[in-house]
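Asker: Prediction below, plus the sequence it came from.
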Amino acid sequence: MKVDVRTICCIGAGYVGGPSMAVMADKCPHIQFNVVDMNPERIESWNSNKLEELPIYEPGLSQIIERCRGKNLHFSCDVKGNISKADMIFISVNTPTKKRGLGAGQASDLKWIEACSRQIADHAKGHTIVVEKSTLPVKTALTIKSILEAYIIKGKNNKTNVKSFSILSNPEFLAEGTAINDLINPDRILIGGDDQESINSLMDIYINWISADKILTTDIWSSELSKLIANAFLAQRISSINSISALCENTEANINDVAKAVGMDSRIGEHFLNSGPGFGGSCFKKDISNLIYICNHYGLYEVASYWEQVISINEWQQKRIISTIVEKLYGTISEKKITILGFSFKSNTNDTRESPAINICKNLLEEGCYLSIYDPKVDSNQILKDLKKENINYEKQIDNSKQIETHNSVLESVVNTDAIVILTDWEEFYDLNLREIYELMRPPCWIFDTRNVINVEAAKSYGFNIWKLGNGKFK
Ligand code: UDX
Ligand code: ADP
């Protein structure tokens, strides 16, 4: 059924829901956008008058919030009320990997999707278009559909509220840190579904700022699968270049030069070839794990093990960074103090989900060292929470906060430390005051640069010892 969409509800005010609705609201002043979340603190931060208190750091986001909030963009905890009012509902809730039970470590936990579907089934009125926005395992739409249909069948006796639904998949391809630009200038918009009129209703929204040739429509399964595969291919490039970074260190080659030479082949392309401490973020590991789970489910064991390697190399890259640090610091870091520069999984975001920094820091703490951590945007409580030691069943947490200090600047974080480990490519780390830093540290002043941000010649001239990932001359 074609719907003239006037009111939209987005369930989930996170890294996907928040920025994507903000950009849509900015581009569609004729539509009301209600972003709802069950977490009252999150909603309070979205409504804060102090724009620096928004729950998500994303360049360009606060300006849009300032323009639209209170006009056609609203943040609230009233999930039920806003579902009832909506012509179209975006589902942008989290779908983390299951920690226990069937498919633990690989399958996505769909309990939030299920809860959300039940809320929609209960409170929607008339015809509603339900759009999957979160990255979901293939065939999630089927789960949503079956819940909604079950409620419709049950509600058939109640003739006062006749409802119907169409389900679309509209995966979001934004990358954190560049979300606003990605949303304004996407490479493509993908809409999957079998009801052409509902697809047209969603296209009518995007057409306000995106040209029609960039809008691709498919069946719902192809759309869901394309999102997983795009992420799997991107992650595969990173694992490929990271595997070669180790080879460069052994052969005295330089990974930057190799990446440049390889990337200049137009068939390969120059993007996504920066070697580093491995990919992080909420999508890559989760999506590849999902892919592996689906392949195993269909008995495609060779395909599953092919993709498993992408995750293995990612974990191996972190392990070898940890052993390099210990080895260079005379084989022990017990009681030593190490500065960690950067904790988010990439620059320009405060998101730490699956950040390589978590695994690397936890392993360094296990070796008995002290950590002095600085990140320009990650909150210190978040750092302490991420580094809490959990026992094998995730039941108990062991307090290791005495081993961790967090700081508000690079200079504060390097006082009396033995080494600096650069884990995130924040802009300010490209321009460190190396002379001053050297004075504040304890010799032999090591820098472990996993993000290729340090000018090695300059660092050497001040007296630093330096290890640079993928560079055979500084190993
Ligand atoms: C990713 C996809 O890019 C996006 O399309 C999808 O919607 C969600 O998942 P995101 O996780 O936000 O986005 O960030 P991305 O820029 O892809 O980076 C992921 C990780 O890969 C980061 O840890 C980053 O540091 C790392 N990375 C990226 C590299 O190590 N080298 C590179 O060349 C690029
Ligand atoms: P993403 O990166 O996918 O946006 P986030 O964790 O940042 O993931 O955001 C998802 C949001 O969805 C969280 O703020 C969470 O509180 C919210 N959420 C999850 N389930 C529901 C639900 N049933 N109703 C309302 N909000 C929900």
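Answerer: Arrived safely, thanks for sending. Ligands and ions are numbered 1, 2, ... in the order given.

Asker: longest helix anywhere in the protein?
Answerer: helix 220-251 (DSSP state H).

Asker: residue in the stretch 251-400 of the chain nearest to ligand 1?
Answerer: Gly281 (2.9 Å; CB to the nearest ligand atom). (Each C-beta comes from the backbone N, C-alpha and C, glycine too.)

Asker: Quick check: buried residues in the helix or strand where Ile120 lies?
Answerer: Assigned by DSSP states H and E, Ile120 falls within helix 111-123. Residues of helix 111-123 classed as buried by neighbour count (16 or more other CB atoms under 10 Å): Trp112, Ile113, Cys116, Ser117, Gln119, Ile120, Ala121, His123.

Asker: Tell me the one among the residues you listed nearest to Lys346.
Answerer: Trp112 (24.3 Å; CB to CB).

Asker: ok so, going back, and the following helix or strand past the helix holding Ile120 with helix 220-251, angle?
Answerer: Per DSSP H and E, the first helix or strand lying C-terminal to helix 111-123 is strand 126-132. Counting by axes from the mean of the first three to the mean of the last three CA atoms, to 10 degrees, strand 126-132 lies at 20 degrees to helix 220-251.

Asker: Buried residues of strand 126-132, list them for me.
Answerer: Neighbour-count burial for strand 126-132 [16+ other CB under 10 Å]: Thr128, Ile129, Val130, Val131, Glu132.

Asker: and if you look at stretch 228-238?
Answerer: Under 16+ other CB under 10 Å, the buried positions of stretch 228-238 are Leu228, Ala230, Asn231, Ala232, Leu234, Ala235, Gln236, Arg237, Ile238.

Asker: where does the closest residue to ligand 2 within the chain land in three-state SS?
Answerer: Ranking the residues of the chain by distance to ligand 2 (CB to the nearest ligand atom) places Gly14 first, at 1.9 Å. What DSSP: H, G, I helix; E, B strand; the rest coil gives for Gly14 is coil.

Asker: And for it, the neighbour number?
Answerer: Counted with other CB atoms under 10 Å, the neighbours of Gly14 add up to 20.

Asker: Quick check: residues of the protein near ligand 1?
Answerer: 172-176, 231, 234, 238, 272-274, 276, 279-281, 283-284, 345-346 (CB under 6 Å from any ligand atom).

Asker: Sitting in helices, which of those residues do you find?
Answerer: Per DSSP H, these map to helices at Asn231, Leu234, Ile238, Phe284.

Asker: ok, Asp195 - contacts?
Answerer: Met1, Ser166, Leu168 (CB atoms under 8 Å, 6 or more residues apart in numbering).

Asker: Among the buried residues of strand 126-132, which one sits closest to Thr140?
Answerer: Glu132 (6.4 Å).

Asker: In this structure the closest one contacts Ser166, no?
Answerer: No: if you go by CB atoms under 8 Å, Glu132 and Ser166 don't touch, sitting 11.8 Å apart.

Asker: now for the helix holding Ile120, which elements pack on it?
Answerer: Judged by 3 or more CB pairs under 8 Å, 6 or more residues apart in numbering; DSSP states H and E, helix 111-123 is in contact with strand 7-11, helix 79-85, strand 88-91, strand 126-132, helix 140-154.

Asker: Say whether ligand 2 is contacted by it.
Answerer: Yes: using CB under 6 Å from any ligand atom, helix 111-123 reaches ligand 2 at Trp112, Ala115, Cys116.

Asker: Can you classify the nearest residue to Ile373 once chain neighbours are set aside as helix, strand or coil?
Answerer: In this structure, Ile373 finds its nearest non-sequential neighbour in Ile340, 4.5 Å apart by CB to CB, 6 or more residues apart in numbering. At Ile340, secondary structure determined by three-state DSSP is strand.

Asker: Could you do the one 3 residues further on as well?
Answerer: Recorded secondary structure, Phe343: coil (three-state DSSP).

Asker: Please work out how many residues are found near it.
Answerer: 28.

Asker: OK, contacts around the residue nearest to it when sequence neighbours are not counted?
Answerer: Of all residues beyond its chain neighbours, the one nearest Phe343 is Asp375 (3.9 Å), with distances taken as CB to CB, 6+ apart. Residues in contact with Asp375 (CB under 8 Å, 6+ apart) are Leu341, Gly342, Phe343, Ser344, Ile383, Thr424, Trp426.

Asker: Assign Ile321 to helix, strand or coil.
Answerer: From three-state DSSP, the assignment for Ile321 is helix.

Asker: Looks like it contacts Leu469 (just checking).
Answerer: Yes: counting by CB under 8 Å, Leu469 is a contact partner of Ile321 at 7.3 Å.

Asker: Could you check which of these two is surrounded by more residues?
Answerer: Neighbours were tallied for Ile321 and for Leu469 using other CB under 10 Å; the higher tally belongs to Leu469 (26 against 23).

Asker: Please state the backbone phi and psi of the more buried one?
Answerer: Main-chain torsions, Leu469, degrees, to the nearest 10: phi -50, psi 130.

Asker: so how far is the longest helix of the chain from its chain's centroid?
Answerer: 15 Å (CA atoms, centre = their mean, to the nearest Å).

Asker: Can you name every helix or strand that that helix contacts?
Answerer: helix 140-154, strand 163-169, strand 189-192, helix 255-263, helix 284-297, helix 301-328.

Asker: can you give me the angle the longest one makes with helix 284-297?
Answerer: What separates the directions of helix 301-328 and helix 284-297 is an angle of 140 degrees, with the same axes, to 10 degrees.

Asker: Can you work out which other helices and strands pack against helix 301-328?
Answerer: helix 220-251, helix 284-297, helix 356-366, strand 419-422, strand 446-449, strand 465-468.

Asker: Around ligand 2, which positions in the stretch 201-350 of the chain sit nearby?
Answerer: Of all the residues in the stretch 201-350 of the chain, those lying near ligand 2 are Ser282, going by CB under 6 Å from any ligand atom.

Asker: got the domain boundaries for this protein?
Answerer: 7-218, 253-468 (automatic domain parsing).

Asker: Could I get those domains in CSV, plus columns for mean pLDDT and distance to Phe474?
Answerer: Supplementary listing: the domains of the chain in CSV, determined by pLDDT from 0 to 100; distance: least, CB to CB, whole Å:
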stretch, mean pLDDT, distance to Phe474
domain 7-218, 92, 27
domain 253-468, 95, 4
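
Asker: so which of those domains gets nearest Ser245?
Answerer: Checked against CB to CB, the stretch from the domains of the chain lying closest is domain 253-468, at 4.0 Å.

Asker: one step back: could you say which of the helices and strands packed on helix 301-328 is packed most deeply?
Answerer: Ranked by mean neighbour count, the helices and strands packed on helix 301-328 are led by strand 419-422 with a mean of 26 (mean count of other CB atoms under 10 Å).

Asker: by contact count, what packs against the next helix or strand after it?
Answerer: Sequence-wise, the next helix or strand downstream of strand 419-422 (DSSP H and E) is helix 434-440. For helix 434-440, the elements it packs on are helix 410-413, helix 456-462, judged by 3+ CB pairs under 8 Å, 6+ apart.
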